[in-house]
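Peer 1: how would this look folded up:
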Amino acid sequence: MSNQVSPSATLARKRGRPSRHEAAESGGATTITREQILATATAMAKTEPLGDISMVGLARELGVAPTLIHYYIGSRDDLISGVANRYFKERYSRLQALTGDWKKDLWREAHQSFAMGVEYGGVLRYMMSHNRFRLFQQVSEGESDFGVLYLDRIASIFKRAGFKPQHAAMGYHLMSQYVMTSAYAQVSRQLPAFHAHYIQDHIHSAPQGELSGAHYFADAFSTLDSDTVFPEGLRLLIDSFELWLPPSKRGKPLPKSRVQAALAKSA
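Peer 2: From the prediction side, this is the model:
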């Protein structure tokens with residue numbers, strides 16, 4: 001009598017993550033941890049778009065079987081949310097104590113968020129094109145959702161400054177959008193300074209008498225970079241929030257940007 005197992009006896013495994021026994025039998029080590037997997041995925045997301053990081057690619061990077069990645073992480077959404085939460089955790093850990101000067105606090109937090117967005121370009125690219133996990137994360141019982149903790153921290157700056165709820169919400173949204181798009185412009189090399197020669201050559205090649213407006217600011221436009229544009233735009237944005245507050249609650253003047261300093265020097 002044959003001991004061979006018939007195909008009908010080897011039914012497909014139930015849907016869901018494999019058992020540790022199954023994962024080990026598939027050729028992977030069992031010493032890997034969920035934190036190691038998420039740490040590796042987060043490091044990869046500094047340069048690779050988060051949406052492009054696959055379970056198979058992670059397994060290859062870690063030298064384990066893909067079934068182990070599924071066992072410890074779960075679904076693809078769990079992976080994306082896990083990385084996003086680690087990103088927000090790092091962002092949250094870099095926060096400094098609030099000074100009580102709402103303009104200074106918003107200025108500082110916006111600069112920090114911009115730097116994080118540039119550093120984790122792969123996470124930023126994902127969040128620029130997806131709504132899910134931009135604020136709230138899928139966390140297990142006992143885990144902290146650092147996305148909502150960060151939201152609470154920034155919202156509290158507006159609240160303590162005395163903004164009405166509608167203005168606080170709008171201010172948070174406008175600042176978040178500005179920071180994200182500014183960081184994305186840097187990561188995606190969209191700023192004029194990245195293409196200075198092309199811009200200048202294209203404008204200056206126009207027949208004399210044409211494109212007078214473009215000629216007027218061609219040199220200045222082609223040199224715009226994040227060091228110049230981001231702080232000046234942020235200053236204008238935060239200063240505009242003051243219009244929602246009574247004079248007694250308005251903050252101290254923000255530091256001069258490079259644009260302001262240059263204009264003052266040329267005056």
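Peer 1: can you give me the helices for the stretch 151-267 of the chain?
Peer 2: 165-187, 196-204, 212-222, 226-241, 258-266 (DSSP state H, counting those that start in this stretch).
Peer 1: low-confidence stretches in the chain?
Peer 2: 1-30, 261-267 (pLDDT under 70).
Peer 1: can you give me the strands in it?
Peer 2: Read by DSSP state E, the chain holds no strands at all.
Peer 1: tell me which of the helices of the stretch 151-267 of the chain lies nearest to R108.
Peer 2: Proximity to R108 (CB to CB) singles out helix 226-241 among these, at 10.6 Å. No exception for glycine: its C-beta is placed from N, CA and C like everyone else's.
Peer 1: which residues sit in contact with the residue nearest to L79 when sequence neighbours are not counted?
Peer 2: Excluding its sequence neighbours, the residue lying closest to L79 (CB to CB, 6 or more residues apart in numbering) is I73, at 5.0 Å. Contacts for I73 (CB atoms under 8 Å, 6 or more residues apart in numbering) come out as R17, R34, I37, L38, M55, L79, G82.
Peer 1: burial of Q138, as a residue count?
Peer 2: 17 (other CB atoms under 10 Å).
Peer 1: how much space between it and H215?
Peer 2: 53 Å (CB to CB, to the nearest Å).
Peer 1: same deal with P207?
Peer 2: In terms of CB to CB, P207 sits 11 Å off from H215.
Peer 1: more crowded one of the two?
Peer 2: H215 (14 against 6).
Peer 1: the more buried one contacts S205, correct?
Peer 2: No - H215 is beyond contact range of S205, at 11.1 Å (criterion: CB atoms under 8 Å).
Peer 1: can you show me the helices along the stretch 1-150 of the chain?
Peer 2: 20-25, 34-44, 55-62, 66-73, 76-93, 102-119, 121-129, 146-161.
Peer 1: most tightly packed of these?
Peer 2: Looking across the helices of the stretch 1-150 of the chain with neighbours counted as mean count of other CB atoms under 10 Å, the highest average goes to helix 66-73: a mean of 23.
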